[in-house]
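>>> can you look at this prediction? I've put the sequence above it.
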Amino acid sequence: MLDFRNTNTVWASVLAETLAHLGLQTVVISPGSRSTPLTIAFANHPHIQAIPMLDERSASFFALGVAKASGQPTALVCTSGTAGANYFPAIIEAYESGIPLMVLTADRPPELRDCASGQTIDQQKLFGDYVRGYRELALPEATMSQLRYLRQTIAQLYQQSQFPVPGPVHVNCPFRDPLAPISTGTDLAQTLADPLNADFFAHLKEDGAIAPITSGPPHLTSAWQHTERGLIIAGPQSTPSSAADGAYCKAIATLAHKLGWPVLADGLSPLRNHASLNPHLITTYDLLLRHEAHAQALVPEQVIQLGALPTSKVLRQWLTEINPHRWIIDSSGRNRDPLHGRSVVLPITLDTLIAQYPVPNSSVQVTSPYCQQWLRRNERVRQRLREKFETVDALFEGKLSWLLPSLLPSGTPLMIANSMPVRDVEWFWPLSDRGIRPYFSRGANGIDGTLSTALGIAHHHGQAVLLTGDLALLHDSNGFLNASTRSGHLTILLVNNQGGGIFESLPIAQFEPPFEKFFATPQAVDFATLAAAHQIDYELVANWSVLADRLHELPTARVRLLELKCDRKLDAAFRAELLRSVGDFTLPD
């Protein structure tokens, strides 16, 4: 319903109504005065869920998590001044990851800028090139021509957040006083009595329709058909639903079947969690390629790269050295080749690729001799990893990533923090059919907003788990401010090794000082006390058996923190030996 009490509320109501018609379901709002018209409009809208969050930085990453989980744009609203600047890390991550966000920053009118007016900064293009679109709205006017301009502008920006490449868009929204929805004595209902008003929103959905990419190049190379040594690399991939996960995995399985090629499956891909769909999956590529004999025996002639490359530095170095012909399947328009090798980008979707590639003559699963080489080595490493981990009783953080697929309920959404957790997942996450749904922030690869993103994912799905280290959690501890008021449940699996474990594997670890103080940066936070301060359920996990019991069935509400205390130095040494040794073998010809 439009609110006719003053011009600002009419304007903001039309803006909110437009987004509702386009399909917006969630807006995250931080408190402030200048954004009052937007806050009132969204809070009163019956079809948009308005969520209040005190801290803009946490709010932005929470919205990022909701958008990741839903695949649909989520809106952010804040006041003027530095409030919007707190969104920047999440905006960068959304841009790099292709996550749709509608960022609405309130602003003072032009006459109050650059004149020492309080809570005012230059908000023009605040986020630079890290948005898919930017517009500053005109000052509100309650005329039909201007309201139609507003509707068209918001519809265009909503479309830009999703097509041709998803990402954030920024709308700067200036307002003059009065900001509160108080009457100004003007009969706005009469002003808006336009003969066209009856059909004002009638065709809004059609006006804002978003056309998908449906076609690609008319002809794809036939080089793959004549390649015995071909390789598919499937990088990080997040989809909006379990059904989409399954469809993605089936599509890659179809491609692997048509070609008879092995598939190197990133731990941040759904592939490892739908293993039975594709018998060509390789998970231990990083551990194998550390050894010269395997690296030389497994050199491909052609590589199909799906999206971005996996995290593995070893894999990237190997590809750089052998420089095979790579076909990068990516319709985003982004450069997905950090190696700058012999690559050709095919700007099409995976489904388009499969549709254009010839169907094999037989329905029988075919594997090339080259594929069989990969599979035999992969199985040997998996067996050796299993033998190692089954004898590890201590709380080694790498074993957690190996165990989780068997401990979590099927279909669990799992947010994986950057630094060590994401690497342990790539190295050790095994194959299963439990449909665990990985979420991550690998656009900019930072630890910003880890907790708030996970809370957003839990809010959307009802239940979720966060796998994180201590520094990533502490970096976003303000996210706990929002934990008690959000719906759904989040279990936090905290690997507390008192510092930045990832730095232990870098050359700087040999230099003490300054390593411990300036790189490892150990923190003396008592997480039980921190949890109590935020009324978060807390438990110190003593062993793997206790962890298995706690994860067998997830709660349905609140947040709980399960802390696993690990030894950073011992874990780094054991991990290094594990990575070195499990791939150290030869196979008979």
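Okay, I see it. It should be emphasised that the depicted structure is a prediction, and the values quoted were computed from it without experimental measurement. Numbering: from 1, shown residues only.
>>> quick one: low-confidence ranges for this structure?
1-4, 184-222, 357-366, 589 (pLDDT under 70).
>>> domains in it, by residue range?
Following automatic domain parsing, the chain resolves into domains at 7-179, 223-379, 392-581.
>>> distance to residue 385 added to those, as a markdown table?
The way it works is simple: take the backbone N, C-alpha and C, and place the C-beta from them, glycine included. Shown next, in a markdown table, are the domains of the chain (distance: least, Cβ to Cβ, whole Å):
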| stretch | distance to residue 385 |
| --- | --- |
| domain 7-179 | 30 |
| domain 223-379 | 7 |
| domain 392-581 | 7 |
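>>> just tell me which of those ends up closest to residue 588.
Evaluated over these, closeness to residue 588 peaks at domain 223-379, with 9.9 Å, by Cβ to Cβ.
>>> can you tell me which residues contact the nearest residue to residue 534 once chain neighbours are set aside?
The shortest distance from residue 534 to any non-neighbouring residue, by Cβ to Cβ, 6 or more residues apart in numbering, is to residue 480 (4.0 Å). By Cβ atoms under 8 Å, 6 or more residues apart in numbering, the contact list for residue 480 reads 451, 530, 533-534, 536, 559.
>>> from the residues you listed, list the buried ones, please.
451, 530, 534, 536, 559 (16 or more other Cβ atoms under 10 Å).
>>> possible to save those residues as TSV with distance to residue 567 and secondary structure?
What follows is these, written out as TSV (distance: Cβ to Cβ, whole Å; DSSP: H, G, I helix; E, B strand; the rest coil):
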residue	distance to residue 567	secondary structure
451	24	helix
530	21	helix
534	27	coil
536	25	coil
559	27	strand
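>>> reformat those as a markdown table; add distance to residue 353.
Below are the buried ones among the contacts of residue 480 laid out as a markdown table (distance: Cβ to Cβ, whole Å):
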| residue | distance to residue 353 |
| --- | --- |
| 451 | 37 |
| 530 | 48 |
| 534 | 47 |
| 536 | 46 |
| 559 | 41 |
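>>> which helix of this structure spans the most residues?
Secondary structure of the chain per DSSP state H: the longest helix is helix 369-390.
>>> now do the buried residues in that one.
370-371, 373-375, 377-378, 380-382, 384-385, 388-389.
>>> now swap in stretch 495-511 and tell me
Buried residues in stretch 495-511, counted by 16+ other Cβ under 10 Å: 495-504.
>>> mind picking the two most distant members of those residues?
Put simply, by Cβ to Cβ the two of the buried residues of stretch 495-511 set farthest apart are 496 and 503, 15.8 Å from each other.
>>> quick one, what contacts residue 94?
With the criterion set at Cβ under 8 Å, 6+ apart, residue 94 makes contact with 64, 67, 100-101, 167-168, 443.
>>> would you tell me what the next helix or strand after the host helix or strand of it is?
According to DSSP states H and E, residue 94 maps onto helix 88-97. Sequence order places strand 101-107 as the next helix or strand after helix 88-97, per DSSP H and E.
>>> right, and the helix or strand after the helix or strand harbouring residue 258?
Secondary-structure element containing residue 258, defined by DSSP H and E: helix 242-259. Counting by DSSP H and E, the next helix or strand C-terminal to helix 242-259 is strand 263-265.
>>> hmm, back to that, I'd like the contacts of residue 480 as TSV, with distance to residue 145 appended.
Below are those laid out as TSV (distance: Cβ to Cβ, whole Å):
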residue	distance to residue 145
451	45
530	54
533	53
534	50
536	52
559	49
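>>> of the residues you listed, which is the nearest to residue 465?
residue 559 (11.1 Å).
>>> contacting residues for that closest one?
Residues near residue 559 by Cβ under 8 Å, 6+ apart: 455, 480, 483-484, 489-492, 536-537.
>>> for it, which non-adjacent residue is closest in space?
Counting by Cβ to Cβ, 6+ apart, the residue nearest residue 559 is residue 483, at 4.4 Å.
>>> tell me who's in contact with the closest residue to residue 420 other than its chain neighbours.
For residue 420, ignoring the flanking residues on the chain, the nearest one in space by Cβ to Cβ, 6+ apart is residue 501 at 4.5 Å. Residues near residue 501 by Cβ under 8 Å, 6+ apart: 397, 419-420, 469, 495, 568, 571-572.
>>> just the ones of the residues you listed in helices?
Going by DSSP H, the helices hold 397, 420, 568, 571-572 from those.
>>> out of the residues you listed, who's nearest residue 343?
Distances from residue 343 to those, taken by Cβ to Cβ, are shortest for residue 420, at 29.7 Å.
>>> for the closest one, the count of nearby residues, please.
Number of residues near residue 420 (other Cβ atoms under 10 Å) recorded here: 29.
>>> let's have the chain start at 16 instead
Right, with 16 as the first residue, what we last looked at is residue 435.
>>> residue 283 belongs to a helix?
No. Counting by DSSP: H, G, I helix; E, B strand; the rest coil, residue 283 is not part of a helix but coil.
>>> list the contacts of it.
Counting by Cβ under 8 Å, 6+ apart, residue 283 touches 250-253, 325-326, 431, 437, 440-441, 453, 455, 457.
>>> just residue 175 next, same as before
147-148, 184.
>>> who does the nearest residue to it once chain neighbours are set aside form a beta bridge with?
Distance criterion Cβ to Cβ, 6+ apart; nearest residue to residue 175, sequence neighbours excluded, is residue 148 at 3.7 Å. Residues in a beta bridge with residue 148, per DSSP bridges, are residue 184.
>>> that concludes my questions; thank you for your assistance.
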